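>>> can you look at this prediction? I've put the sequence above it.
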Amino acid sequence: MDTILKAFALVTEPYTLGVMLMAAMFGLFVGAMPGLTATMATALLIPFTFFMDPVPAIAVIVTAVATAIFAGDIPGALLRIPGTPASAAYCDESYAMTQKGLAERALGIGLVTSVIGGLTGAVVLSFSAPALAEFAIQFSSFEYFWLACLGLSCAVIISTGSTIKGFVSLLIGLFIATIGIDGTAGHPRFTFGSIELMGGVSFIPAMIGMFAISEVLRYVASTRKPLPVPQQSMGSVFGGLGPILRKYKTNVVQGSSIGAVVGILPGAGADIAAWISYALAKKRSKTPEKFGTGHPEGLVAAGSANNASVAGAWVPAIVFGIPGDSITAIVIGVLYMKGMNPGPMVFVTNPELIYAVFIAFFIANLALLPLGFVAIRMSRQILKVPQRVLMPIILMFCIVGAFAINNTVFGVTVMLILGVLAYIMEENGFPVAPAILGIVLGSMIEDNFMASMIKADGSLSGFFSRPIAATLGVVTILLWTAPIILALKRMVQSKRQPQR
Amino acid sequence: MLNRRKFTTAATIAAAGFFAAATVTPALADYPERPITLIVPWGAGGGTDATGRMIAGLLEDELGKPVTVVNRTGGSGVVGHSAIANAKPDGYTIGVATVEIGMMHWAGLTELTGEDYTPIALYNFDPAGLIVSADSEWETAEDVVAAVKANPGKHKASGTGQGGIWHLALAGMLADAGAAPDAAPWVPSKGAAPALQELAAGGVDIVTPSVVEGAALIEAGKAKALAVMSDERLGAFADVPTLKEATGSDWTMAAWRGIAGPKGMPEEATEKLTAALEKVWKSDEFQDFMKGRGFGLVWKPGDEFAQWMKDSDASLGSVMKAVGLAK
């Protein structure tokens, strides 16, 4: 109880609340601008968090992400262009509502379900993370090795596009992670005599490059016309929402829980949560034929799911240092920078900081209600900001951010190289998320493998010698072999068929 | 507010950097004339970072110019130590040199040694501890050594990376007790915190970081300290016996931290920094901070610090050769 009070005091400091308010406005703006994602919002905030204490630094990210995910609905509904990938699943649906003259209804649903979803995610995070940490304190290198394997496998399986391309992307990430002094023998790898490279590719500049620089490049390369200005005038945002939410309350609950669970899975974030929740709502609906024609049911389900996943993704990030989505991949870097090294130990050493993060989630989502309302009313003005002004500003922030992490130009070089790499990868259909996970988890998987081998005197059976490790190992191996077994089964069946 | 101050500091530095580039290097009559950068070769949240930031804050009050901490991490300390040694020796870039400066060159990672620096002062000294899990059957350091001797290779130990300072502490302790230095195989970890987590999880049996680093886990009732590898007991952990008291062994090993600049710094700057640092070190604020966190206090300015680095280098080299960690 004492810890929670201390945490509460940390979050409600005027400075913290002030920067959270600014972060919310920033998040709403970035989310509402098509092409600028919540992940990019996080990357752009890094140079600012550099000058803050741990709690405001993390609270700023929490707030910006929560608001950005909602704001992505705004251009989705008004222009049929999702502001962030998380709104893509129901963009057609909300635009159909706009065409019926119900733009404010679509955005109102988006706002209220975002708040409900976000709060549900925050509850899931606040209760499951400490419980999981209590359990995870018993984890040794064997368990961490399997967890990291599971994380990487999920990243490939869930990633968008082909599994092969996802796997290639993962290998690129793992290669980048091998650069630097290796953790076990202390020997430099791929450093070519460079002292800077001995420290490895630090992942915050890498992340800024892969998410922000690649987007700037895409803008430069595209022949996109300036955004049309929405013509709709806004009516009452909250009017008539009550009956809709009451009617589809199961969708809200279902969407929020799907979102939280998808968020916890490594590699899958708000966008995938929204797609799954929307599809499931359609499948379970009594009136699936109405989907896509401006029907609120899918909006309710998906709108709550994407915001719920945001908090869910923090569970593995804080407890194991395994990112639940691309945003938390950056957050892990910030946590290390602030001395709040993720892992169960942080719950022992700095519990008040962790609880402060949880409280920040609740405050951010509650604040979303009034601030989101203002954003909806101002949506036409927001969408008028020209991208050709925005992109150079983003580039500038990226360079400052990459430099500030270590006060070295090397960070800027890393950022630019990986930005170009990510751009080339995405243009050719290689998803970037598995590469990110490879960079973040590469050393974790290697160090824990080597440590485990030393502990088990070189015997592989050590990986199954502890009950939790054995369970995790079996699950991972099943995950790897399931597609092969299924393929074999299909082959056998198709061979039999002609004989019949 | 700390945050606001950090921000202004950064802004001042940016501005100062700009003007410094535009003007000719000024005479050193009034050193320091502009902000000073303090490079910390280890990450935020660790002991080196905490003490470095404390010193920077107090030094700022003493010198009347901002002192900014910059973490240059990675490469087992090579990156940051190189950054200090390669900085312009004008007194405006200094850093925290740590015990690793006497180890990295033996491991073949760099050419740098303590001789590549202008020593300013040694301020801290933390001996290694011998820590086991709270539910371990071992009650004394004697038990640990006996068990490792009886079953070489069975009991695993951790505390830092392969060949790191705490690895040497263990290897030297075992060698001194007449066991093979690798009788308790070393499980490399990314620092003391993950090693302590392994200890709590039952993944390793022994850890040998400084007792300060294990304090949180010891207070949480998950670990116990059996010995400290120094000549005297530590003030903050007075109930933990020295290794000599526990086993009769003369073996000691400690990590240390000092402030140093690149070689060839102007004498005036060195003198001014040493004087300011001495005031800082003697201040109640610094003493209370160090004692409160359990950090060991020691003061050796200038030449004494140079001699200290030399001795440390030689003794680390002989241990590393003896246990096969030197290249």
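Arrived safely.
>>> C-alpha only now, for contacts and for neighbours.
Noted.
>>> which residues does A:Ile46 contact?
A:Val334, A:Gly401 (Cα atoms under 8 Å, 6 or more residues apart in numbering or on different chains).
>>> that one sits in which helix or strand?
Using DSSP states H and E, A:Ile46 sits within helix A:38-49.
>>> likewise A:Arg490?
helix A:467-499.
>>> so which bits of that helix are buried?
Using 16 or more other Cα atoms under 10 Å in any protein chain shown as the test for burial, helix A:467-499 gives A:Ile468, A:Ala469, A:Ala470, A:Leu472, A:Gly473, A:Thr476.
>>> wait, does it contact chain B?
No. For helix A:467-499, no contact with chain B is found by Cα under 8 Å from any Cα of the partner chain; the gap never falls below 11.8 Å.
>>> tell me the helices and strands packed up against that helix.
Contacting helix A:467-499 under the criterion 3 or more Cα pairs under 8 Å, 6 or more residues apart in numbering or on different chains; DSSP states H and E are the following elements: helix A:141-158.
>>> which other residues reach the helix it packs on?
Residues outside helix A:141-158 that contact it (Cα under 8 Å, 6+ apart): A:163, A:166-167, A:170, A:265-268, A:320, A:322, A:433-434, A:437-438, A:441, A:444-446, A:448-449, A:451-452, A:462-463, A:468-469, A:472-473, A:476, A:479-480, B:198, B:203.
>>> in PyMOL, how would I select the buried members of those?
The buried residues among the contacts of helix A:141-158 can be selected in PyMOL (16+ other Cα under 10 Å) with this line:
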select buried, (chain A and resi 163+166+167+170+265+266+267+268+320+322+433+434+437+438+441+444+445+446+448+449+451+452+462+463+468+469+472+473+476) or (chain B and resi 198+203)
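>>> neighbours around A:Thr12, how many?
A:Thr12 has 16 neighbours, counted by other Cα atoms under 10 Å in any protein chain shown.
>>> who touches it in this structure?
By Cα under 8 Å, 6+ apart, A:Thr12 lies in contact with nothing.
>>> switch the buried residues of helix A:467-499 over to a markdown table; also include pLDDT.
Conversion of these to a markdown table gives the following (pLDDT from 0 to 100):
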| residue | pLDDT |
| --- | --- |
| A:Ile468 | 91 |
| A:Ala469 | 93 |
| A:Ala470 | 94 |
| A:Leu472 | 92 |
| A:Gly473 | 94 |
| A:Thr476 | 92 |
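>>> which parts of the stretch 1-150 of chain B are strands?
Assigned by DSSP state E, counting those that start in this stretch, the stretch 1-150 of chain B shows strands spanning B:36-40, B:67-71, B:93-98, B:117-127, B:129-133.
>>> equivalent analysis for the stretch 201-327 of chain B, please.
Under DSSP E, counting those that start in this stretch, the stretch 201-327 of chain B gives strands at B:206-207, B:223-228, B:254-262, B:297-301.
>>> the spatially most central residue of chain A and chain B, how far apart?
The residue lying closest to the centre of chain A (Cα atoms, centre = their mean) is A:Asp325, at 3.2 Å. As judged by Cα to the nearest Cα, to the nearest Å, A:Asp325 and chain B stand 23 Å apart.
>>> where does chain B dip in pLDDT?
B:1-29, B:45 (pLDDT under 70).
>>> show me the domain layout of it.
As assigned by automatic domain parsing, chain B contains the domains B:2-126+B:255-322, B:129-247.
>>> so for A:Pro75, which of these sits nearest?
Closest of these to A:Pro75 is domain B:2-126+B:255-322, at 35.2 Å (criterion: Cα to Cα).
>>> how far off centre is that closest one?
12 Å (Cα atoms, centre = their mean, to the nearest Å).
>>> can I get the strands of the stretch 1-150 of chain B in a markdown table including distance to A:Asp92 and mean neighbour count?
Below are the strands of the stretch 1-150 of chain B laid out as a markdown table (distance: least, Cα to Cα, whole Å; neighbours: other Cα atoms under 10 Å in any protein chain shown):
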| stretch | distance to A:Asp92 | mean neighbour count |
| --- | --- | --- |
| strand B:36-40 | 52 | 24 |
| strand B:67-71 | 48 | 23 |
| strand B:93-98 | 57 | 27 |
| strand B:117-127 | 63 | 25 |
| strand B:129-133 | 58 | 27 |
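>>> closest to chain A out of the ones you listed?
With Cα to the nearest Cα, the closest approach to chain A among the strands of the stretch 1-150 of chain B belongs to strand B:67-71: 6.1 Å.
>>> can you show me the strands along chain A?
Ranges of strands within chain A are A:180-181, A:188-189, based on DSSP state E.
>>> and the residue of the stretch 301-450 of chain A found nearest chain B, how far is that from A:Val374?
Proximity of the stretch 301-450 of chain A to chain B (Cα to the nearest Cα) peaks at A:Gly339, 3.7 Å away. Distance of A:Gly339 to A:Val374, computed by Cα to Cα, to the nearest Å: 36 Å.
>>> look at those two and report which has more neighbours.
A:Gly339 (17 against 13).
>>> would you confirm that the more buried one contacts B:Ala44?
Yes. Assessed by Cα atoms under 8 Å, A:Gly339 is found in contact with B:Ala44 at 5.0 Å.
>>> got the residues of chain B near chain A?
B:3-4, B:6-7, B:43-46, B:70-76, B:78-79, B:82, B:109, B:156, B:161-163, B:185-190, B:193, B:197-198, B:200-204, B:216-217, B:220.
>>> go with 7 Å
B:3, B:6-7, B:44-45, B:70-75, B:79, B:156, B:161-162, B:187-188, B:197-198, B:200-201, B:203, B:216 (Cα under 7 Å from any Cα of the partner chain).
>>> buried members of those residues into ChimeraX, please.
Filtering these down to the buried ones (16+ other Cα under 10 Å) takes a single ChimeraX command:
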select /B:6,44,70,71,72,73,74,75,79,156,161,162,187,188,197,198,200,201,203,216
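>>> point out the most buried one among the domains of chain B.
Highest mean neighbour count among those (mean count of other Cα atoms under 10 Å in any protein chain shown): domain B:129-247, with a mean of 21.
>>> what residues does chain A have near chain B?
A:51-53, A:137-140, A:180-181, A:183-186, A:195-196, A:198-200, A:337-339, A:345, A:349, A:406-407, A:451, A:454-455.
>>> switch the cut-off to 6 Å
A:51-52, A:137-140, A:181, A:184-185, A:195, A:198-199, A:337-339, A:406, A:451 (Cα under 6 Å from any Cα of the partner chain).
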